[in-house]
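K.L.:
Following is a predicted model, sequence given first.
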Amino acid sequence: MNVYNRFKTDLAIGLLIFLFISSMLELFEIGYDSTDGTTRSGMSLHIDSMTGCHYLAGSRGGLTPRLTSSGKHFCG
């Protein structure tokens, strides 16, 4: 029974640490990039090293060209 109680205590402490770290990351916007607004978009920015063109990658895979406000492909 002592092992079970220790496991519950360790699990609760681990959960509290996880919640604290995730709230600090959200509060200070650590990990945000230019694809995010006020909340995380779940997308990541990829830049082609040869052309400099920007692409957005979603969490399910696939690439989408990043467009300018005029609708043209954004290439730096």
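P.N.:
Thanks, I have the structure now. Numbers count the residues shown, from 1 in each chain.

K.L.:
make it CA atoms for all contacts and neighbour counts henceforth
P.N.:
Fine.

K.L.:
Show the subsequent helix or strand relative to the helix-or-strand element of the chain with minimal mean pLDDT.
P.N.:
Lowest by mean pLDDT, DSSP states H and E among the helices and strands of the chain is strand 44-47, with a mean of 88. Using DSSP states H and E, the helix or strand that follows strand 44-47 in sequence is strand 54-57.

K.L.:
strands paired with that following strand, and their directions?
P.N.:
strand 44-47 (antiparallel), strand 63-65 (antiparallel) (DSSP bridges).

K.L.:
Quick check: end-to-end length of stretch 46-62?
P.N.:
11 Å (Cα to Cα, to the nearest Å).

K.L.:
Identify each buried residue in that stretch, please.
P.N.:
Buried residues in stretch 46-62, counted by 16 or more other Cα atoms under 10 Å: 46-47, 53-57.

K.L.:
From the residues you listed, pick the one nearest Leu19.
P.N.:
Ala57 (26.9 Å; Cα to Cα).

K.L.:
Next, count neighbours for the closest residue in space to that closest one that isn't next to it in sequence.
P.N.:
Excluding its sequence neighbours, the residue lying closest to Ala57 (Cα to Cα, 6 or more residues apart in numbering) is Leu63, at 4.7 Å. The number of residues packed near Leu63 is 15, by other Cα atoms under 10 Å.
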